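Q: Only the shape, not the letters, is given here:
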């Protein structure tokens, strides 16, 4: 409503109206939550891909290859030999959406039949 009134006022007065905005907008990517994996290695918590942090870089395992970046979201380059601490991670894909202490069940639930009454 205010914009309409200002526009009508400017047009009625015949004066040129200009809006000038100054300053700089800076966006800083938030730091991800990192969870301990092994000595010197952390993983980005609850993320869509297995992204690890070690030796001042982010490391991503995808399709049998390791990638490295300064940013956990983009800028990935292929790396032939990641650091030993990263290369030792068994089954990196299991760290997708990783939460420390969370119990993840795979497959059917195993039931304990010992305490069930027989019919």
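A: Done, it's in. The structure presented is a predicted model; accordingly, all values stated were derived computationally and were not measured.
Q: From start to finish, how long is stretch 65-79 in a straight line?
A: Terminal residues of stretch 65-79 are spaced 8 Å apart (Cα to Cα, to the nearest Å).
Q: now do stretch 81-89
A: 13 Å.
Q: got the buried residues for that stretch?
A: 82, 83, 85, 86, 89 (16 or more other Cβ atoms under 10 Å). For glycine as for every other residue, the C-beta is placed from the backbone atoms N, C-alpha and C.
Q: and the third one, which of the three is it?
A: Local secondary structure at residue 85 is given as helix here, using DSSP: H, G, I helix; E, B strand; the rest coil.
Q: so what's the residue nearest to it when sequence neighbours are not counted up against?
A: Spatially, and ignoring its direct neighbours in sequence, residue 85 is nearest to residue 40 (4.5 Å; Cβ to Cβ, 6 or more residues apart in numbering). Residue 40 makes contact with 54, 55, 85 under the criterion Cβ atoms under 8 Å, 6 or more residues apart in numbering.
Q: thinking again about what came up before, looking at the buried residues of stretch 81-89, spot the one nearest residue 59.
A: residue 86 (4.9 Å; Cβ to Cβ).
Q: I figured the closest one was touching residue 68, is that so?
A: No: judged on Cβ atoms under 8 Å, residue 86 makes no contact with residue 68 at a distance of 9.1 Å.
Q: For the buried residues of stretch 81-89, give me JSON lines that also has distance to residue 63.
A: Output for these, formatted as JSON lines (distance: Cβ to Cβ, whole Å):
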{"residue": "82", "distance to residue 63": "14"}
{"residue": "83", "distance to residue 63": "20"}
{"residue": "85", "distance to residue 63": "21"}
{"residue": "86", "distance to residue 63": "16"}
{"residue": "89", "distance to residue 63": "15"}
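Q: from these, which two are the most distant?
A: 83 and 89 (10.5 Å).
Q: rewinding a little: looking at the contacts of residue 40, which is nearest residue 61?
A: Proximity of the contacts of residue 40 to residue 61 (Cβ to Cβ) peaks at residue 54, which lies at 12.2 Å.
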